[in-house]
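Enquirer: Structure, please.
(chains A and B)
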Protein chains: 2
Amino acid sequence: MIKEPKQLAKNLGLVFRQPEFLRMALTHRSMGANNNERLEFLGDSILGFIIAQKLYDNFPKASEGVLSRLRASLVNQDSLACIAREHKIGDYLILGSGELKSGGFRRDSILSDAVEGIIGALFKDQGIAACENWILAIFAKKLNTLNADSEQKDPKTRLQELMQARGVFLPKYELISMSGLAHSQTFKIECIVLTDKKCLGEGSSRKRAEQASAEKMLNLLLQRESK
Amino acid sequence: MIKEPKQLAKNLGLVFRQPEFLRMALTHRSMGANNNERLEFLGDSILGFIIAQKLYDNFPKASEGVLSRLRASLVNQDSLACIAREHKIGDYLILGSGELKSGGFRRDSILSDAVEGIIGALFKDQGIAACENWILAIFAKKLNTLNADSEQKDPKTRLQELMQARGVFLPKYELISMSGLAHSQTFKIECIVLTDKKCLGEGSSRKRAEQASAEKMLNLLLQRESK
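Expert: This next block holds a predicted model:
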């Protein structure tokens, strides 16, 4: 038995003027054409923006690469599904019978989409300021414990730690080219992990080029996971 | 000789209260640590959000997949570089000597980053409403000519047309599995292009599963290009 969306709104600390938006945000595509996918598209973009601006302000010295990684660590299917579980959003999902039987209300992807759908619904109902307040509230704990400390380490160290944590071979660095005169040389280095993933880095020293290639590799590996 | 950012602001129809943000938006990383990458990160997320909400409103019947593709066709390195050229933003870029010599002010990636940087700068200076106005102004032509017509075609047809336009072999569809009883069957179909790109689609009929796999493939191919 699906619970009433109104009760969910209350639990989330929200009041919808147009509750049909919330209902749509909770409606999975297994219910047919009027589902939450459009609101999810909207909510995803709003979430990306609100978290980006918060990180920009909170970490004034972090580079673009660090900001991207921090956002990817905050906003991903896992973290959104976790927020959904915390607020028991699964109990309010409107699913087709197939998904219902197979336990769709517990699936990470469905839960995560519903959270983005709710953000889209809130935007249509009340605008961006309301979204900002709610997003910052549901991410408050995560934002507070987030620190750029682990981000202070250089990219090579972090990449090495990531590979070790996964129990796979350490990255290799190969010099691809060296050009220019003594005081303005350019090094190109390729970082290789798992034999087939390669990222090219460039820098005015071998070390800098290695760090640049490691940073690209980290972005590649972590961004893929956040999709 | 680099022109004054103030003149650019005027050309763009903008007045910055804190012109240092605009200067930073125009400063390439070849100039050192105080560059436009952080503003670009912010601007990119704002652009994604503003275009998402506009498409959501303009195309009330478009599916999430269509909205994503429309956005990818509007917002990509090509289109942003094109906007930059239209407004002669290249003349105002602040580049290190290496980039200057190698003609960095003409490079698509640098021009595109500068546009996103300006959006980030405008946000820091004046907030989201000003960004929305400016983004909708610079995308007005593109938004007006955009139509969902080509998007009315089904995913298989569009994928086929895309492959034909590129002169490569047509997609193949392979049945991976079939499960369930007569009236609630699930088909899984894999769409394969260029021998190595594969996307799995699911549906209650073979045809629906093929369309779903083709849609995923379109998203995969077009999103990659928009990065």
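
Enquirer: What parts of chain A come near chain B?
Expert: A:37-38, A:40-42, A:44-46, A:48-49, A:52-53, A:56, A:62-64, A:67-68, A:98, A:123, A:128, A:184 (CB under 8 Å from any CB of the partner chain). (Each C-beta comes from the backbone N, C-alpha and C, glycine too.)

Enquirer: ChimeraX command to pick out the buried ones of those residues?
Expert: This is the ChimeraX syntax for the buried subset of those, where burial follows 16 or more other CB atoms under 10 Å in any protein chain shown:
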select /A:37,38,40,41,42,44,45,46,48,49,52,53,56,62,63,64,67,68,123,128
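
Enquirer: Which members of the residues of chain A next to chain B occur in helices, if any?
Expert: Counting by DSSP state H, the residues of chain A next to chain B place A:37-38, A:40-42, A:44-46, A:48-49, A:52-53, A:56, A:64, A:67-68, A:98, A:123, A:128 in helices.

Enquirer: helices or strands up against the helix or strand hosting residue A:133?
Expert: Secondary-structure assignment from DSSP states H and E places residue A:133 in helix A:128-138. Under the contact criterion of 3 or more CB pairs under 8 Å, 6 or more residues apart in numbering or on different chains; DSSP states H and E, helix A:128-138 touches helix A:37-58, helix A:108-126.

Enquirer: Please repeat the previous calculation with a cut-off of 10 Å.
Expert: Contacts defined by 3 or more CB pairs under 10 Å, 6 or more residues apart in numbering or on different chains; DSSP states H and E place helix A:128-138 against helix A:37-58, helix A:77-86, helix A:108-126, helix B:37-58, helix B:128-138.

Enquirer: Name the surrounding residues that touch the shortest one.
Expert: Going back to what we said before, that points to helix A:77-86. A:43-44, A:47, A:72-74, A:76, A:89-90, A:92-93, A:105-116, A:118-119, A:138-139, A:141-142, A:225-227 (CB atoms under 10 Å, 6 or more residues apart in numbering or on different chains).

Enquirer: Pull out the buried residues from those.
Expert: Counted by 16+ other CB under 10 Å, those give A:43-44, A:47, A:72-74, A:76, A:89-90, A:92-93, A:105, A:107, A:110-116, A:118-119, A:138-139, A:226 as buried.

Enquirer: Show me how chain A divides into domains.
Expert: Using automatic domain parsing, the domain ranges for chain A come out as A:5-147, A:153-226.

Enquirer: lowest-pLDDT helix or strand in chain A?
Expert: helix A:149-152 (a mean of 56; mean pLDDT, DSSP states H and E).

Enquirer: Now the element after that helix, going C-ward?
Expert: helix A:155-165.

Enquirer: Next secondary structure element downstream of that next one?
Expert: Per DSSP H and E, helix A:155-165 leads on to strand A:172-179 as the next helix or strand towards the C-terminus.

Enquirer: Give the partner strands of that next one in its sheet and their orientations.
Expert: Each strand paired with strand A:172-179, and its direction, by DSSP bridges: strand A:186-193 (antiparallel).

Enquirer: Specify the angle between the strand it pairs with and helix A:155-165 in degrees.
Expert: Interaxial angle, strand A:186-193 versus helix A:155-165 (axes from the mean of the first three to the mean of the last three CA atoms, to 10 degrees): 10 degrees.

Enquirer: Following strand A:186-193 in sequence, what is the next regular element?
Expert: Downstream of strand A:186-193, the next assigned helix or strand under DSSP H and E is strand A:197-203.

Enquirer: Centroid-nearest residue for chain A?
Expert: With distances taken as CA atoms, centre = their mean, the residue of chain A nearest its centroid is residue A:75 (2.8 Å).

Enquirer: which phi and psi does that one have?
Expert: Residue A:75 has phi and psi values of phi -110, psi 100 when expressed as degrees, to the nearest 10.

Enquirer: related to what we said a few turns ago, to residue A:188, which of the helices and strands packed on helix A:128-138 lies closest?
Expert: helix B:37-58 (20.3 Å; CB to CB).

Enquirer: now check that closest one, is it near chain A?
Expert: Yes. Counting by CB under 10 Å from any CB of the partner chain, chain A is contacted by helix B:37-58 at B:37-53, B:55-57.

Enquirer: rewinding a little: so after the helix holding residue A:133, what's the next helix or strand?
Expert: helix A:140-145.

Enquirer: starting at the chain centroid, how far to that next one?
Expert: Helix A:140-145 sits 14 Å away from the centroid of its parent chain (CA atoms, centre = their mean, to the nearest Å).

Enquirer: Also stretch A:206-222?
Expert: Here the centre of stretch A:206-222 is set off from its chain's centre by 20 Å, with CA atoms, centre = their mean.

Enquirer: What residues sit buried inside it?
Expert: Buried residues in stretch A:206-222, counting neighbours by 16+ other CB under 10 Å, are found at A:209-219, A:221-222.

Enquirer: and residue A:160, what does it touch?
Expert: Counting by CB under 10 Å, 6+ apart, residue A:160 has contacts A:153, A:154, A:170, A:171, A:214.

Enquirer: now the residues you listed: which count as buried?
Expert: Buried by 16+ other CB under 10 Å: A:171, A:214, out of the contacts of residue A:160.

Enquirer: Just give me the closest of the contacts of residue A:160 to chain B.
Expert: residue A:154 (15.3 Å; CB to the nearest CB).

Enquirer: and the closest one, how far is that from residue B:114?
Expert: Look at residue A:154 and residue B:114: by CB to CB, to the nearest Å, they are 28 Å apart.

Enquirer: got any ranges where chain A has weak pLDDT?
Expert: A:1-2, A:148-152, A:223-227 (pLDDT under 70).

Enquirer: Could you rerun that using 50?
Expert: By pLDDT under 50, the low-scoring segments of chain A are A:227.

Enquirer: Please name the bridge partners of residue A:178.
Expert: Beta-bridge partners of residue A:178, as defined by DSSP bridges: residue A:187.

Enquirer: Give me the neighbour count for it.
Expert: 12 (other CB atoms under 10 Å in any protein chain shown).

Enquirer: Now residue A:102: phi and psi?
Expert: phi -90, psi 10.

Enquirer: Is it correct that residue A:194 is in contact with residue A:159?
Expert: No. Using CB atoms under 10 Å, residue A:194 is not in contact with residue A:159; the gap is 12.0 Å.

Enquirer: Assess the claim that residue A:176 and residue A:201 are in contact.
Expert: Yes. Look at residue A:176 against residue A:201 with CB under 10 Å: they come within range, at 9.4 Å.

Enquirer: Now do the shared contacts for the two.
Expert: Contacts common to residue A:176 and residue A:201, judged by CB under 10 Å, 6+ apart, are A:187, A:188, A:189, A:190, A:209, A:213.

Enquirer: Relative to residue A:209, how far out is the fourth one?
Expert: Read that as residue A:190. Using CB to CB, one gets 9 Å for the distance from residue A:190 to residue A:209.
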